[in-house]
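Colleague: Here is a sequence with its predicted model. Questions after.
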Amino acid sequence: MNLFIFFLEISFFFFHIFLVHFVLFLYLIKACLKARFPDLLKPDFQMRRAVATAIHAERAFSSRFAAQPQKASTSSVPDRSTLEKGTVQPTVLKPFVSASLQHEDLFNFEKLVHVDEMFKARLHYGHKIGTVNNNMKWALYGERLGVCVFDLDITKQYLVRALNFVAHVAMRGGMILFVTSNRDTMFDVEKAAEEVGQYSHVRKWQSGTLTNTRQLLGASVRLPDAVFFLSTLTSLGENHPAIIEAAKMTIPTIGVVDSNSDPAYLTYLIPANDDTPQSTEYLLRMFKEAIRKGQEERKRLQQGGGK
Amino acid sequence: MASFITRAERSGNIFSRVTGLIRAGQLNWADRPLWYDVYISSPPLSPPDWNVKLPKFDEPIRPIFYEEDVLRAKFYKTYRSTAGIQVDSSRTSVSQQFINEYKLVKSENASATPEELFELTTKRLNENGIMLK
């Protein structure tokens, strides 16, 4: 028995010596190669950097897709004082944008959204009054036996505005990200985004997914042009971290805000119930329809312009 | 260049920050982001600022009550509910039938007290085959 342990120790000893020598040998080879071919061990580093800067130039806003189709119809560049007024009152800049944006409701969403359909989809139910957010009281019709009830006339107005925005972004080839952290609806959201060729994020949000892409993904990526939140709260009742990140990167956000949600930092609000499957299904159906309409219009314009 | 945009999200909403870049000459009008034109033509209905106080802030929420709520409450206090009510169905529930009948009875006997009207309505429903227990 003792003899056996002795042999074991001896063999371990020799094995370690062998390992150390082998590693040293590898280093030697590497040093030799480096001396002879200095470029070999850092392949196309220069090229990669060039590509990264090139992508970076168009990354933050994906401006490559921005104004090109409309350039012909854009009358001119607004002067300083117009821009100054426009900072407060954006509609002042309306003469400087394309003809398709001069319509009030190009895709006819006023006809698509019905209050009775929203009522049947249970969009009007809020949470208990104890959980109400002070900044959501504007959207409430009242409180029935301790439960908040939304005014669907207000909801319709806001929903039409948001659908119009999404459709026009899709028409300009924009990328729309669907976000939720609600586990009941995550698969519906993923499916809906896939159906219209857009993107979704329904799992745990890693901080920096929008703000620190280079570190997280190892390359510069194109950020979404709009983010659609189907529920703005996490399961802990905290604001979704992506809202702040999108605001930092100046990405417009569309948020379905329930009576207990915080509308801060969101660009377009839709006051409605975000918990019931019927309600989320209705909202997803509307947004899919809006994106489809935008994409069809884009296709139509491209075919018309190609002739 | 667009990457000069400030990430201090509280310094202004997304539109004013991008417009600020254009005004300062850091961003060309032609290089404006994709959503910018759409935002101009249909800006959000409520200001997208993080610290804005939207209407009815700090105001009490209006309670929603109907005239028949009192009568319905009295109905269910007196007679136990016999079955669940299906909200989607077009059939009128027993309590709704009672309320409809009560209104009729009230229009016929203007001078009767609420207790008498309640009794009368119960009698009327019993005659029509709706037994209330």
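Modeller: Structure's in. What do you need? None of the values given here were measured: they were computed from a predicted structure.
Colleague: how's chain B carved up into domains?
Modeller: Using automatic domain parsing, the domains assigned to chain B come out as B:1-58, B:69-127.
Colleague: Burial-wise, tell me which of these comes out on top.
Modeller: Scoring these by mean neighbour count under mean count of other Cβ atoms under 10 Å in any protein chain shown gives domain B:1-58 as the most buried, with a mean of 18. For the C-beta atoms, the positions are set from N, CA and C on the backbone; glycine is no exception.
Colleague: Would you mind checking the average pLDDT for that domain?
Modeller: When pLDDT is averaged along domain B:1-58, the result is 91.
Colleague: Ok, stretch A:292-303 next?
Modeller: Mean pLDDT, stretch A:292-303: 95.
Colleague: Please point out which parts of it sit buried.
Modeller: For stretch A:292-303, burial by neighbour count (16 or more other Cβ atoms under 10 Å in any protein chain shown) applies to A:292-295, A:297-298.
Colleague: Include secondary structure when you put these into CSV, please.
Modeller: CSV is the format used below for these (DSSP: H, G, I helix; E, B strand; the rest coil):
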residue, secondary structure
A:292, helix
A:293, helix
A:294, helix
A:295, helix
A:297, helix
A:298, helix
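Colleague: Go through those and name the one nearest chain B.
Modeller: residue A:294 (10.1 Å; Cβ to the nearest Cβ).
Colleague: ok, back up a step: export the domains of chain B to CSV and tack on distance to chain A?
Modeller: Below are those laid out as CSV (distance: least, Cβ to the nearest Cβ, whole Å):
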stretch, distance to chain A
domain B:1-58, 4
domain B:69-127, 8
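Colleague: Let's have these in JSON lines, adding distance to residue A:267.
Modeller: Compiled in JSON lines, the domains of chain B are given as follows (distance: least, Cβ to Cβ, whole Å):
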{"stretch": "domain B:1-58", "distance to residue A:267": "5"}
{"stretch": "domain B:69-127", "distance to residue A:267": "35"}
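Colleague: Residue A:102 and residue B:37 touch, don't they?
Modeller: No. With contact defined as Cβ atoms under 8 Å, residue A:102 does not count as touching residue B:37 (10.7 Å).
Colleague: and residue A:108, what is it in contact with?
Modeller: Under the criterion of Cβ atoms under 8 Å, 6 or more residues apart in numbering or on different chains, residue A:108 has no contact partners.
Colleague: List the contacts of the closest residue in space to residue A:298 that isn't next to it in sequence.
Modeller: Once flanking residues are discounted, residue A:298 sits nearest to residue A:171: 4.9 Å by Cβ to Cβ, 6 or more residues apart in numbering or on different chains. Under the criterion of Cβ under 8 Å, 6+ apart, the contact list for residue A:171 reads A:100, A:294-295, A:297-298, A:301.
Colleague: So residue A:121 versus residue B:61, what's the distance?
Modeller: Taking Cβ to Cβ, to the nearest Å as the measure, residue A:121 falls 23 Å from residue B:61.
Colleague: Mind checking which of those two has more residues around it?
Modeller: Per other Cβ atoms under 10 Å in any protein chain shown, whichever of residue A:121 and residue B:61 has more neighbours is residue A:121, with 20 against 17.
Colleague: So what touches stretch B:107-118?
Modeller: With contacts defined as Cβ under 8 Å, 6+ apart, stretch B:107-118 is touched by B:74, B:78, B:102, B:105-106, B:120.
Colleague: any idea where the helices of chain B begin and end?
Modeller: Here chain B has its helices, by DSSP state H, at B:14-24, B:34-41, B:69-78, B:94-108, B:114-127.
Colleague: possible to save these as JSON lines with distance to residue A:261?
Modeller: Shown next, in JSON lines, are the helices of chain B (distance: least, Cβ to Cβ, whole Å):
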{"stretch": "helix B:14-24", "distance to residue A:261": "19"}
{"stretch": "helix B:34-41", "distance to residue A:261": "22"}
{"stretch": "helix B:69-78", "distance to residue A:261": "29"}
{"stretch": "helix B:94-108", "distance to residue A:261": "35"}
{"stretch": "helix B:114-127", "distance to residue A:261": "43"}
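Colleague: Which residue is most remote from the mean position of chain B?
Modeller: Distance from the C-alpha centroid of chain B, by Cα atoms, centre = their mean, peaks at residue B:25 (46.5 Å).
Colleague: what about that residue, distance to residue B:16?
Modeller: 16 Å.
Colleague: could you give the mean pLDDT of stretch A:99-117?
Modeller: Here stretch A:99-117 scores 93 as its mean pLDDT.
Colleague: and the end-to-end length of that stretch?
Modeller: 32 Å (Cα to Cα, to the nearest Å).
Colleague: Could you measure from the residue nearest to residue A:298 over to residue A:226?
Modeller: Distance from residue A:171 to residue A:226, by Cβ to Cβ: 12 Å.
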